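Chemist: Dropping a prediction and its sequence here:
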Amino acid sequence: MKASPGSIVLVVALAGVFGVEIATHSVGNDALLLKLGALPDNGELNGQYWRFATYSFLHFNWSHLLVNTLLLLWVGRILEKRVGTSLTGTIYACSVLSSAIVILVVHGCYPKVGARCGELVCKPESFRVGHRIELRFIRRLY
């Protein structure tokens, strides 16, 4: 199975960052991964927009890295062969960005427990891009 150059470069980068995780004893540790650039569980970036890029290079454990690497080599090879390395890289970057947004929105939401059990509320302040855009979701499940 011959992989394309873009996929190989990305896999090498992922392995290198995982090496940093091993060296800093961050593997399997949410708090230490957060220091390395993971997305916060509360969905609040606090101006740290660089996390949109860095989170995608971090992996929780060996199996997470293995699955992502195998899928990247499999799908990346096919895409690079069909549409080229540049467009594959663009698709990958858009996927990373859109995934980060979904992760932040979901992590900004939390199930309320108590009298209104089943209500899903996203705090308005939990996800902001700049100071103009706020996502607000309120959905009651009965």
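Modeler: Everything's here; your move.
Chemist: pull the helix or strand with minimum mean pLDDT from this protein.
Modeler: Within the chain, no helix or strand scores below strand 133-134, which has a mean of 37 by mean pLDDT, DSSP states H and E.
Chemist: who touches the helix or strand encompassing Trp74?
Modeler: Counting by DSSP states H and E, the element that carries Trp74 is helix 62-83. With Cβ atoms under 8 Å, 6 or more residues apart in numbering as the test, helix 62-83 has contacts from 1-7, 10-11, 14-15, 18, 27, 59, 87-88, 91-92. Where you see a C-beta, it was placed from the backbone N, CA and C, and this is true even at glycine.
Chemist: Pull out the buried residues from those residues.
Modeler: Ala3, Ser4, Gly6, Ser7, Leu10, Val11, Leu14, Phe18, Val27, His59, Thr88, Tyr92 (16 or more other Cβ atoms under 10 Å).
Chemist: For the chain, give me the ranges with low pLDDT.
Modeler: The chain contains residues with pLDDT under 70 at 1-3, 110-142.
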